[in-house]
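Colleague: Test case, fold it:
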Amino acid sequence: MSKDSVKLLNFWPSMFGLRVHYALDLKGVSYDYQEERLLPNKSKELLEANPIYAKIPVLIHNGKPICESLIIVDYIDSVWPSPHKLLPEDPYEKAVARFWADFGDKKLFDAGSRLIRAMGEEHKKAGEDLKWALMKIDEALGTIAPGKPFFGGDAMNFADVALAPFICCFKAYQKVGGFVLPGPEEWPNLYKWVDAVNSVDAIKISTPSPDKVAEFAEVIRQRVIGTA
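Modeller: Numbering: from 1, shown residues only. This next block holds a predicted model:
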């Protein structure tokens, strides 16, 4: 049997691309990595692999492109089910994992992005929305997997992989966005989860430095301010 050809096209600050890194690394999949540049210098390979959206991340498996981060993570979980499934077999547990992954896109990413870019009342509202989103994650962890470190219990699952990339943004939210992160006495489940995620060897492989992420966020904010 010929060896699988696996390649990831991504831009390093992308939290969506980091999901794919995490899924591949948790599964122990060997893959090539191609760093992409954004407009106006997107590679020909990216444009050909994702002609609809022309966005990263894109996973190319044996010449076939798969796009959109959560779809890619689902694909990885199906093709490489070992060492454990990220999506639970139980239909309800699977739905819950998908819900919180989607929550990351619709609430956490949205609020964090606005916090870095917005000013005035919009910036204040973004901070409130981010705090609410993180509070809900803390509550969910205590409800879905009480006493356990992950959404998946003793091991990371689909929801953990989807939400974990935002951890390295916390410093940017605070340093660049002025966000005041409540302490572990207020959000004990969230802090336990963060510590557990950061202790996973496979997660350490691709996680960028929080300082580097904060520096990138500062560049984004300055660009926005400069064009306001």
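
Colleague: Longest helix in this structure, by number of residues?
Modeller: Across the chain, the longest stretch assigned as helix under DSSP state H is helix 120-144.

Colleague: Can you name the residues that contact residue 129?
Modeller: By CB atoms under 8 Å, 6 or more residues apart in numbering, the contact set of residue 129 is 107, 110-111, 114. Every C-beta, even on glycine, is put in place using the N, C-alpha and C of the backbone.

Colleague: low-scoring stretches of the chain, by residue?
Modeller: 1-2, 227-228 (pLDDT under 70).

Colleague: what's the residue closest to the geometric middle of it?
Modeller: residue 165 (3.4 Å; CA atoms, centre = their mean).

Colleague: related to what we said a few turns ago, which pair in the contacts of residue 129 has the greatest spatial separation?
Modeller: Between any two of these, the greatest separation by CB to CB is 11.1 Å, found for 107 and 114.

Colleague: quick one: the strands in this structure?
Modeller: Assigned by DSSP state E, the strands in the chain fall at 6-10, 32-35, 58-61, 64-67.

Colleague: Now tabulate these in TSV and tack on mean neighbour count and distance to residue 221.
Modeller: As requested, the strands of the chain are exported to TSV (neighbours: other CB atoms under 10 Å; distance: least, CB to CB, whole Å):
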stretch	mean neighbour count	distance to residue 221
strand 6-10	21	22
strand 32-35	12	23
strand 58-61	23	27
strand 64-67	16	28
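
Colleague: so which of those strands gets nearest residue 118?
Modeller: Closest to residue 118 of the strands of the chain is strand 6-10 (CB to CB; 25.9 Å).

Colleague: Tell me the strands beside that closest one, with direction?
Modeller: Under the criterion DSSP bridges, strand 6-10 sits next to strand 32-35 (parallel), strand 58-61 (antiparallel) in its sheet.

Colleague: May I see these organised as CSV, with distance to residue 192 added?
Modeller: Formatted as CSV, the strands paired with strand 6-10 follow (distance: least, CB to CB, whole Å):
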stretch, distance to residue 192
strand 32-35, 31
strand 58-61, 31
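
Colleague: State the distance from residue 130 to residue 153.
Modeller: Distance check for residue 130 against residue 153: by CB to CB, to the nearest Å, it reads 26 Å.
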